[in-house]
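1. One predicted model, sequence on top.
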Amino acid sequence: VSVRAIPADSALAAVRPEIRALATYAAPAASGPAPILKLDFNESPFDVPEEIKGVVLARLAERRWSLYPERRNPRLVEALAARLGVSPSELAVGNGSGELILAAVSVFAGQGGTLVLAPPTFSLYRQMAAISGARLSLVPRLGPDLAVDEEEVLARVAGTGAIPLVCSPNNPTGGVVSRELVRRLAAAASVVLLDQAYVDFAAEEDDALPLLPELPNLVVFRTLSKAYAAAGFRIGYVAARAGLLAEIEKAYLPYSVDHAAEELALALLERPEISRRLCALLASERERVAARLRQLSLAVPPSRSNFLFFAPRDGDGRALHARLLARGIAVRELHATHPGHLRVTVGSPEQNDLFLAVLAEEL
Ligand SMILES: Cc1ncc(COP(=O)(O)O)c(C=O)c1O
């Protein structure tokens, strides 16, 4: 076969249709200068402190880079378990919580199983379903607060084998589900997947980890990307009964938390007061920004995360997004999943002041 005879897009024709149909994740704007204010990825406005970077780099230099990390990162698992008050046998770490959620989706709903989602919710869940071959069953959120339609979700999972994947606090709307709903879901479904990437910004009662001893089929996902400002290093974890964890761990490849991520995570967990202080500051800033947005007559559902969901009164979120971007402020535009709406990450007090001033002018 001559190389020239191979049609250029024959390989593309071999791509699974579910993958072909996906949009590329949050593609950055193709042109224009980089934004001055980046409030579109729910990242921390505060970088890891220099002193912690120094500790991590020194410890990293001591390690043997030629060796694989220890299987299951036992030092990190122990440190996390001690911090969270759970047993190390009920924790596993991964390359960001995204990797762990994908593994669990694949284990419980892959190859034709059904995943129940409450949109608008984290956009990557759709990608995870496509990758693992799960079908989606969508239960739209209700009312001005975009609350989960609890009875409908329960009806979809009860006795059907469908698996609920609930995000609490929910990205992009910010709301939480009650412990009571988690209990009812656990009673109705074979397993409950609960993504708590943003729970460090929420209230104590929003934390689902205390339910683990009571609910043998609860799987909780967390991350150091948000509250610990470690998104650049990819450290997530999953908490569940040991038997369930062992199955989830079969669905992602070993050694996904490397030496660098492990050393950073250990150093951050040694200084929990830093994260606690910054989360408290961001939670109070969130309330300040939300109050100002409401003053500007924007509807903003209550948020327990580090972001706010809103829409301009004229319903043209895309136009407002473009105007903000032209002034150097990047927020997330949600037209594809929730037309008209935008999501803004809560920044430092100075960043929030700038965002609010520009927004007020553009409205
Ligand atoms: C709801 C939710 N879950 C999970 C993740 C993945 O986080 P990471 O893979 O960085 O731990 C994100 C990231 O934005 C998220 O918003």
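-> Yes, it's here.

2. Going by proximity to the ligand, name the top residue of the stretch 1-150 of the chain.
-> Residue nearest to the ligand within the stretch 1-150 of the chain (C-beta to the nearest ligand atom): Gly96, separated by 2.6 Å. Backbone N, C-alpha and C define where each C-beta goes, glycine included.

3. May I see the buried residues of stretch 170-183?
-> 170-177, 179, 181-183 (16 or more other C-beta atoms under 10 Å).

4. Could you save these as a markdown table and add columns showing secondary structure and pLDDT?
-> As requested, these are exported to a markdown table (DSSP: H, G, I helix; E, B strand; the rest coil; pLDDT from 0 to 100):
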| residue | secondary structure | pLDDT |
| --- | --- | --- |
| Asn170 | coil | 98 |
| Asn171 | coil | 98 |
| Pro172 | coil | 98 |
| Thr173 | coil | 98 |
| Gly174 | coil | 98 |
| Gly175 | coil | 98 |
| Val176 | coil | 98 |
| Val177 | coil | 98 |
| Arg179 | helix | 98 |
| Leu181 | helix | 98 |
| Val182 | helix | 98 |
| Arg183 | helix | 98 |
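
5. Filtering those by proximity to the ligand, which remain?
-> When contact is defined as C-beta under 6 Å from any ligand atom, the buried residues of stretch 170-183 meet the ligand at Asn171.

6. Specify which member of the buried residues of stretch 170-183 is nearest to the ligand.
-> Asn171 (3.9 Å).

7. now the closest one, nearest residue through space, not along the chain?
-> Phe122 (4.6 Å; C-beta to C-beta, 6 or more residues apart in numbering).

8. In terms of pLDDT, where does the one you found sit?
-> Turning to Phe122, the model gives it a pLDDT of 96.

9. quick one on the thing from earlier: max pairwise distance over the buried residues of stretch 170-183: which two?
-> Pro172 and Arg183 (25.7 Å; C-beta to C-beta).

10. Can you tell me which residues in this protein are near the ligand?
-> 42, 96-98, 122, 167, 171, 195, 197, 223, 225, 231, 236.

11. Tell me which two of these sit farthest apart.
-> Maximum distance among the residues of the chain next to the ligand (C-beta to C-beta): 17.1 Å, for Cys167 and Ala231.

12. all helices in the chain, in order from the N-terminus.
-> 10-13, 17-20, 50-62, 74-84, 97-109, 124-132, 150-157, 179-188, 242-249, 259-270, 272-295, 317-326, 349-362 (DSSP state H).

13. got a markdown table for these, with distance to Leu115 too?
-> Below are the helices of the chain laid out as a markdown table (distance: least, C-beta to C-beta, whole Å):
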| stretch | distance to Leu115 |
| --- | --- |
| helix 10-13 | 27 |
| helix 17-20 | 13 |
| helix 50-62 | 36 |
| helix 74-84 | 26 |
| helix 97-109 | 4 |
| helix 124-132 | 5 |
| helix 150-157 | 10 |
| helix 179-188 | 13 |
| helix 242-249 | 15 |
| helix 259-270 | 28 |
| helix 272-295 | 29 |
| helix 317-326 | 27 |
| helix 349-362 | 34 |
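
14. Buried deepest among these, which one?
-> helix 97-109 (a mean of 24; mean count of other C-beta atoms under 10 Å).

15. Contact partners for Leu100?
-> 92, 94, 221, 236-238, 248, 252 (C-beta atoms under 8 Å, 6 or more residues apart in numbering).

16. Kindly indicate which of those residues lies nearest the ligand.
-> Gly236 (3.8 Å).

17. what about the nearest residue to that closest one once chain neighbours are set aside, distance to Arg323?
-> Residue nearest to Gly236 in three dimensions, not counting chain neighbours: Ser97, with 3.1 Å by C-beta to C-beta, 6+ apart. Note on Ser97: its distance to Arg323, by C-beta to C-beta, to the nearest Å, is 33 Å.

18. now Thr337
-> 21 Å.

19. Then Val344?
-> Val344 is 14 Å from Arg323, by C-beta to C-beta.

20. do Phe233 as well
-> From Phe233 to Arg323 the distance is 34 Å (C-beta to C-beta).

21. what do you get for Ala189?
-> On the measure of C-beta to C-beta, Ala189 and Arg323 end up 43 Å apart.

22. Likewise for Val55?
-> 43 Å.

23. Could you find the closest non-adjacent residue to the residue nearest the centre of the chain?
-> Closest to where the C-alpha atoms of the chain average out (C-alpha atoms, centre = their mean) is Ala197, at 4.8 Å. The shortest distance from Ala197 to any non-neighbouring residue, by C-beta to C-beta, 6+ apart, is to Thr223 (4.9 Å).
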